[in-house]
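Chemist: Can you look at this prediction? I've put the sequence above it.
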Amino acid sequence: MNHAALHPAGPLAQEIARLFWAFTSVTGIVYLIVIGILVYALRRRRTTDPGAQEAGAARALRFIGLGVGLSAVVLVVLAVNDFIGNRRLNAGQVNPIRVKVTAHQWWWEVEYVDSQPSLRVTTANELALPVGRPVMLQMTSTDVIHSFWVPNLNGKKDLLPGYTTHLALIASQAGAYTGECAEFCGFQHAQMRLDVAAKSPDDFAHWLDAQRSAAAEPDSDPARHGRDVFLKTSCHLCHAIQGTEASARLGPDLTHLASRAHIAAGARPNDSANLAAWILDPQSIKPGTRMPSTKLSGEDLNALVAYLRNLR
Ligand code: CUA
């Protein structure tokens, strides 16, 4: 399962699952004991003998004392457990990969930080990480409060406008996981997902290298025409494609758009038909989205899609 907090794929999520099961089993057992005592009490016969009543009252007092004592012990055990869990989840990570995550209504901007500007990578709605090495996310928001959640890898963390919050992710097995926004943030809160790929260290290095390269040159006449459409209509006012003049950062960076599995933050699979529909009328796919519709002739639209599909 690629979207399940109780199928942890790393030590941090494992810690949360451990806490969940510890709390659920302890409180479940307490519940059963309480119900058992309740049933026992309801089935007891009343007595009218004053001696027996007095003995019963004394026994009830001892019982209540025992119950209070046991409850206190259980609560202390759970509190210590919780404290230990929090310490483990918030421990510093050794040699992490640093990634900036910026939430927008309604998509994720993801930037792999590097002291050398030419080695920085900007992508959208996808996050790759190498198995076994921690990734430290530095997160913020440009508009409202969002919450980052990849249940297989760690718990939720809010992204707040004007603040930076941090969250570590560690994957211990390769795989594809789904992340999502976990705090209501407007119309399209439900379509604010990201694809998370835990790769072997070699695969991750290849992926990062590929992402660092400039956009692929168009390889056909329609694709070349599509690039002109991109640069001469309104597309370049919001989007960047490295290696062209388009460098705006209002919308997702499209340099390697074709390598992504989805468009519009998980709203649709990434294929030609969906891309065309999205460009022509984004509101019909994601009502409220900040992406304006682009009126294009059939030929220009096909050329633009051919160009975008070429951006591997
Ligand atoms: Cu962003 Cu909900």
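Modeler: Cool, got the structure. Residues are numbered from 1 along each chain as shown.
Chemist: For the protein, which residues are neighbours of the ligand?
Modeler: 103, 106, 146, 181, 183, 184, 185, 189, 192 (Cβ under 6 Å from any ligand atom). Where you see a C-beta, it was placed from the backbone N, CA and C, and this is true even at glycine.
Chemist: Just the buried ones out of those, please.
Modeler: Neighbour counting with 16 or more other Cβ atoms under 10 Å marks 103, 106, 146, 181, 183, 185, 189, 192 as buried within the residues of the chain next to the ligand.
Chemist: Run a quick check on the third one versus residue 194, I expect a contact.
Modeler: By that I understand residue 146. No: Residue 146 lies out of contact with residue 194 (Cβ atoms under 8 Å); the separation is 11.3 Å.
Chemist: what does the average pLDDT come to for stretch 255-271?
Modeler: Average pLDDT, stretch 255-271: 93.
Chemist: Buried by neighbour count: which residues of it qualify?
Modeler: Across stretch 255-271, burial judged by 16+ other Cβ under 10 Å covers 255-258, 260, 262-268, 270.
Chemist: Show the model's pLDDT score for residue 2.
Modeler: So residue 2 comes in at 86 (pLDDT).
Chemist: Now do it against the ligand, distance only.
Modeler: According to Cβ to the nearest ligand atom, to the nearest Å, residue 2 stands 20 Å off from the ligand.
Chemist: Likewise for residue 205?
Modeler: Distance, residue 205 to the ligand, using Cβ to the nearest ligand atom: 31 Å.
Chemist: got it, and residue 128?
Modeler: Separation of residue 128 from the ligand (Cβ to the nearest ligand atom) stands at 21 Å.
Chemist: could you dump the helix or strand harbouring that residue to PDB, C-alpha only?
Modeler: According to DSSP states H and E, residue 128 maps onto strand 126-130. Output of strand 126-130 as PDB, limited to C-alpha atoms (Å, rounded to 0.1, in the frame of the first residue of the first chain):
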ATOM      1  CA  GLU A 126       7.000  15.100  -7.100                       C
ATOM      2  CA  LEU A 127       9.800  14.200  -4.600                       C
ATOM      3  CA  ALA A 128      12.500  11.600  -5.100                       C
ATOM      4  CA  LEU A 129      14.700  10.400  -2.300                       C
ATOM      5  CA  PRO A 130      17.400   7.800  -1.900                       C
END
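Chemist: just checking, what packs against it?
Modeler: For strand 126-130, the elements it packs on are strand 97-104, strand 107-112, strand 193-199, helix 201-212, judged by 3 or more Cβ pairs under 8 Å, 6 or more residues apart in numbering; DSSP states H and E.
Chemist: just checking, what packs against the helix or strand following it?
Modeler: The helix or strand immediately downstream of strand 126-130 is strand 135-141, counting by DSSP H and E. Here strand 135-141 touches strand 97-104, strand 157-159, strand 165-169, going by 3+ Cβ pairs under 8 Å, 6+ apart.
Chemist: for strand 135-141, the distance to its chain's centre please.
Modeler: Distance, stretch centre to chain centre, for strand 135-141: 11 Å (Cα atoms, centre = their mean, to the nearest Å).
Chemist: Distance of residue 183 relative to residue 156?
Modeler: 8 Å (Cβ to Cβ, to the nearest Å).
Chemist: Now for the two: what residues contact both?
Modeler: residue 147 (Cβ atoms under 8 Å, 6 or more residues apart in numbering).
Chemist: The longest helix along the chain to strand 165-169, inter-axis angle?
Modeler: Looking across the chain with DSSP state H, the single longest helix is helix 50-89. Comparing the axes of helix 50-89 and strand 165-169 via axes from the mean of the first three to the mean of the last three Cα atoms, to 10 degrees yields an angle of 90 degrees.
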